[in-house]
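Q: Build me a structure from this.
(one chain, ligands or ions: 1)
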Amino acid sequence: MVKNRDSTAAWKYHEGTKHSYRSVRSSTHFLDWANRPLPFKIYPAIEKIALPRDVPQTGVAALAAISADVRAASGDSVPKLQDLARILFFSAGITRQRKYPGGEIYFRAAACTGALYEIELYVVTGEVEGLNAGVYHFNPADMSLGLLRKGDFRGNLAQAAAMEPAVAHAPATIVCTGTYWRNAWKYAARTYRHFGWDGGTLLANMLAVTAALRLPAQVVLGFVDTEVNRFLDLDTRREVSLCLVPIGRTAEGPLPAPREAAVMGLETIPLSKREMEFPAMLEMHDASSLASEEEVAQWREKRPVLPPSAPAGEEVRLQPLPEEEQPADTIEEVILRRGSTRTFDPAASITLAQLSTILDRATRGLPADFLADGVQLNEIYLIAHAVQGLAPGAYFFHRERKTLELLNYGEFRAEAGRLGLEQQLPADACVDVFFLADLKRILEGYGNRGYRASQLEAGAIGGKMYLAAYAQRLGASGLTFFDDEVIQFFSPHAEGKSAIFLLAIGKALKRKAQ
Ligand SMILES: Cc1cc2nc3c(=O)[nH]c(=O)nc-3n(C[C@H](O)[C@H](O)[C@H](O)COP(=O)(O)O)c2cc1C
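A: Next up is the predicted model:
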């Protein structure tokens with residue numbers, strides 16, 4: 001019996017972690033500040049390599065970087081240590097810090113639920129300029145790489161990925177993991193969804209920076225979980241691998257044969273005095289794990305069939321800004337400027353050109369092993385409140401047709417506030433972007449792992465939207481939502497689909513000078 005194929009586990013997890021008006025009110029979960037987890041993984045006793053901090057900007061415009069796909073670049077492209085440093089910093093580095101009564105929050109390059117930063121990054125590399133072959137852990141607290149294993153272990157990773165060509169030819173691969181407790185301290189069993197959301201926003205940055213460096217990169221979700229976890233020395237009740245991102249390409253071959261990777265049990269500083277375990281997440285992870293190379297190879301072939309829906313109502317054509325009028329702010333500037341908007345100006349509006357530019361640039365495709373060219377798992381629905389050139393109302397985005405289909409005219413600020421967990425942000429935004437997925441079809445093809453893929457894809461496209469909004473000096477914030485009410489709101493069009501992700505876009509309220 002192949003566990004991943006029986007998608008009852010994903011349905012059980014999804015249903016069991018839905019937010020509803022009642023579930024939010026009846027939750028007994030509370031924030032135990034004295035037991036707040038450390039925001040960093042710290043190995044006290046390993047060798048560290050300092051990463052260069054002052055590296056020149058690429059000069060590539062953010063809007064170009066988020067929409068580029070450099071998979072097809074030919075010839076060798078091998079990252080240097082300096083490139084890896086940029087990629088790691090602009091994906092997961094500390095970009096701002098703020099004091100609060102209980103301590104300090106170190107904000108990172110990509111948005112993350114609760115600023116809890118549960119995604120860790122590891123680098124598996126051959127010899128590259130400035131760095132010896134090895135397996136490293138990235139510590140954003142001091143911008144260093146901690147050496148976990150000496151030597152070239154790329155063969156192990158390639159084998160675990162069933163010789164996926166991008167991994168097999170990569171001079172270096174970044175592995176993203178998720179640490180349950182660091183996020184579950186606040187969000188309990190919903191953290192498994194957040195692994196996808198927060199891993200996704202981080203990937204949006206990572207792919208944009210690799211594209212700006214003209215290094216091919218892609219997201220690989222097909223790998224033997226136990227192999228990668230063991231190889232990274234993870235305690236899998238606490239931390240698990242989520243995806244691989246091979247960086248660069250080299251024709252040099254063959255890869256070194258897989259090496260013996262002994263269990264190390266490296267010491268790490270405990271995150272909290274006490275940690276709670278949430279069995280629903282361990283079950284979800286186990287049921288979506290791939291057990292062998294054969295299973296990985298077969299899984300990749302099981303692409304779900306997702307026919308595009310035909311428009312039935314009035315359509316408005318996207319009108320993205322012409323290339324020469326698009327802001328040229330570099331990807332580095334935009335990542336450093338980004339920070340979730342905490343209060344939107346309810347009197348502000350954005351233009352259809354700005355919204356079109358966001359939709360067009362953010363949805364051009366994600367280089368990933370689970371997506372055939374041009375395919376997207378999530379579908380995009382919108383509630384427009386204040387978009388010049390677009391009547392207020394509910395819309396469906398036809399990505400291939402580059403149109404917005406009107407589902408329902410109306411002023412829906414109050415409804416949007418309610419859908420976004422009764423927060424003010426979605427009510428005051430100019431537009432709310434909802435990601436919905438046809439999980440039935442997706443799980444039919446990809447099994448439980450299709451659930452991981454859907455959450456991760458939404459996070460990555462949402463992350464690109466963040467960047468596209470900030471590139472145009474707009475604001476944005478990820479949000480959480482009442483699952484079933486979102487589907488009801490967009491039905492009958494959305495019937496049978498599941499709510500996956502929400503992003504509000506607008507303009508920040510400028511505080512008046514005192
Ligand atoms: C998927 C996602 C969901 C979020 N949900 C909420 C939310 O419901 N309410 C809120 O105020 N902020 C929300 N945020 C914003 C985070 O709190 C914010 O990203 C985090 O504090 C880090 O700050 P920064 O984005 O300014 O770097 C969300 C962010 C993400 C990525």
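Q: Tell me the residues on the stretch 301-450 of the chain that lie near the ligand, please.
A: Residues of the stretch 301-450 of the chain lying close to the ligand (Cβ under 6 Å from any ligand atom) are Gly339, Ser340, Leu421, Gln423, Leu425. All C-beta atoms are positioned from the backbone trio N, CA, C, and that covers glycine.
Q: From what I see, the last one and Gly478 are in contact.
A: If I follow you right, that is Leu425. No: using Cβ atoms under 8 Å, Leu425 is not in contact with Gly478, being 9.6 Å away.
Q: hmm, back to that, would you turn the residues of the stretch 301-450 of the chain next to the ligand into a markdown table with pLDDT?
A: Shown next, in a markdown table, are these (pLDDT from 0 to 100):
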| residue | pLDDT |
| --- | --- |
| Gly339 | 97 |
| Ser340 | 98 |
| Leu421 | 96 |
| Gln423 | 97 |
| Leu425 | 98 |
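Q: pretty sure Arg413 is touching His385, no?
A: Yes: the pair formed by Arg413 and His385 meets the contact definition of Cβ under 8 Å, at 5.4 Å.
Q: In terms of neighbours, single out the busier of these two.
A: The neighbour comparison of Arg413 against His385 (other Cβ atoms under 10 Å) goes to His385, with 26 against 19.
Q: Next up, the contacts around that one.
A: Residues near His385 by Cβ atoms under 8 Å, 6 or more residues apart in numbering: Pro392, Glu411, Phe412, Arg413, Ala416, Ala429, Cys430, Val431, Asp432.
Q: give the contact list for the most centrally placed residue in the chain.
A: Centroid check for the chain by Cα atoms, centre = their mean gives Gly200 as the closest residue, at 0.4 Å. Taking Cβ under 8 Å, 6+ apart, we find Gly200 in contact with Gln455, Leu456, Glu457, Ala458, Gly459, Ala460, Ile461, Gly462, Gly463.
Q: try 10 Å this time
A: The contact partners of Gly200, by Cβ atoms under 10 Å, 6 or more residues apart in numbering, come to 110-111, 119, 176, 194, 219, 242-243, 366, 455-464, 478, 501.
Q: Let's see which of those residues end up in strands.
A: Ile119, Cys176, Leu242, Cys243, Gly478, Phe501 (DSSP state E).
Q: still on that earlier bit, shared neighbours of Leu425 and Gly478, which are they?
A: Taking Cβ under 10 Å, 6+ apart as the criterion, Leu425 and Gly478 both touch Ser340, Leu502, Ala504.
Q: Kindly present those residues as TSV, with separate columns for neighbour count.
A: Compiled in TSV, the shared contacts of Leu425 and Gly478 are given as follows (neighbours: other Cβ atoms under 10 Å):
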residue	neighbour count
Ser340	18
Leu502	26
Ala504	27
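Q: Nearest to the ligand among those?
A: The ligand lies nearest to Ser340 out of the shared contacts of Leu425 and Gly478, by Cβ to the nearest ligand atom, at 3.4 Å.
Q: Need the pLDDT of the residue nearest to that closest one when sequence neighbours are not counted.
A: Nearest residue to Ser340, sequence neighbours excluded (Cβ to Cβ, 6 or more residues apart in numbering): Ser477, at 4.1 Å. In the predicted model, Ser477 carries a pLDDT score of 98.
Q: residue contacts, Ser477?
A: 111, 339-344, 420, 423, 425-426, 429, 466, 469, 502-506, 508.
Q: likewise Val135?
A: 122-125, 145-154, 156-157, 175, 231-233, 261.
Q: and with 8 Å instead?
A: Applying Cβ under 8 Å, 6+ apart, one finds that Val135 lies in contact with Tyr122, Val123, Val124, Leu147, Leu148, Arg149, Phe153, Phe231, Leu232.
Q: In a markdown table: those residues, plus neighbour count and pLDDT.
A: Shown next, in a markdown table, are those (neighbours: other Cβ atoms under 10 Å; pLDDT from 0 to 100):
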| residue | neighbour count | pLDDT |
| --- | --- | --- |
| Tyr122 | 24 | 98 |
| Val123 | 23 | 98 |
| Val124 | 27 | 98 |
| Leu147 | 16 | 98 |
| Leu148 | 22 | 98 |
| Arg149 | 20 | 98 |
| Phe153 | 23 | 97 |
| Phe231 | 25 | 94 |
| Leu232 | 25 | 98 |
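Q: Among these, which lie within strands?
A: Among those, DSSP E puts Tyr122, Val123, Val124, Leu147, Leu148, Arg149 in strands.
Q: Closest to the ligand out of these?
A: Distance to the ligand, by Cβ to the nearest ligand atom, is smallest for Tyr122 among these, at 21.6 Å.
Q: My guess is the closest one contacts His137. True?
A: Yes: the pair Tyr122 / His137 is scored as a contact, 5.4 Å apart, by Cβ under 8 Å.
Q: Find the residues that touch each one of those two.
A: Residues touching both Tyr122 and His137 by Cβ under 8 Å, 6+ apart: Leu148.
Q: Return the list of helices and strands in contact with the worst-scoring helix or strand of the chain on mean pLDDT.
A: When each helix and strand of the chain is scored by mean pLDDT, DSSP states H and E, helix 21-26 comes last, with a mean of 88. Where contact means 3 or more Cβ pairs under 8 Å, 6 or more residues apart in numbering; DSSP states H and E, helix 21-26 is not packed against any helix or strand.
Q: go again using 10 Å as the cut-off
A: Contact partners of helix 21-26 among helices and strands, from 3 or more Cβ pairs under 10 Å, 6 or more residues apart in numbering; DSSP states H and E: helix 483-490.
Q: So for the helix it packs on, what gets flagged as buried?
A: Asp483, Glu485, Val486, Ile487, Phe489, Phe490 (16 or more other Cβ atoms under 10 Å).
Q: Pull out the CA atoms of that helix and give them to me as CSV.
A: This file holds the C-alpha atoms of helix 483-490, laid out as CSV (Å, rounded to 0.1, in the frame of the first residue of the first chain):
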residue,chain,number,x,y,z
ASP,A,483,-12.3,28.5,4.8
ASP,A,484,-15.8,27.6,4.0
GLU,A,485,-17.1,31.1,4.0
VAL,A,486,-14.6,32.0,1.3
ILE,A,487,-16.0,29.2,-0.9
GLN,A,488,-19.6,30.2,-0.2
PHE,A,489,-18.8,33.8,-1.2
PHE,A,490,-17.4,32.9,-4.6
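Q: now that helix, how far from the centre of its chain.
A: Its chain's C-alpha centre and that of helix 483-490 lie 23 Å apart, by Cα atoms, centre = their mean, to the nearest Å.
Q: That helix packs against which elements?
A: Contact here means 3+ Cβ pairs under 10 Å, 6+ apart; on that basis helix 483-490 packs against helix 8-16, helix 21-26, strand 378-384, strand 393-398, strand 403-409, helix 413-419, strand 431-437, strand 498-506.
Q: Common neighbours of Arg413 and His385, please.
A: Listed as contacting both Arg413 and His385 by Cβ under 10 Å, 6+ apart are Pro346, Pro392, Pro426, Ala427, Asp428, Ala429, Asp432.
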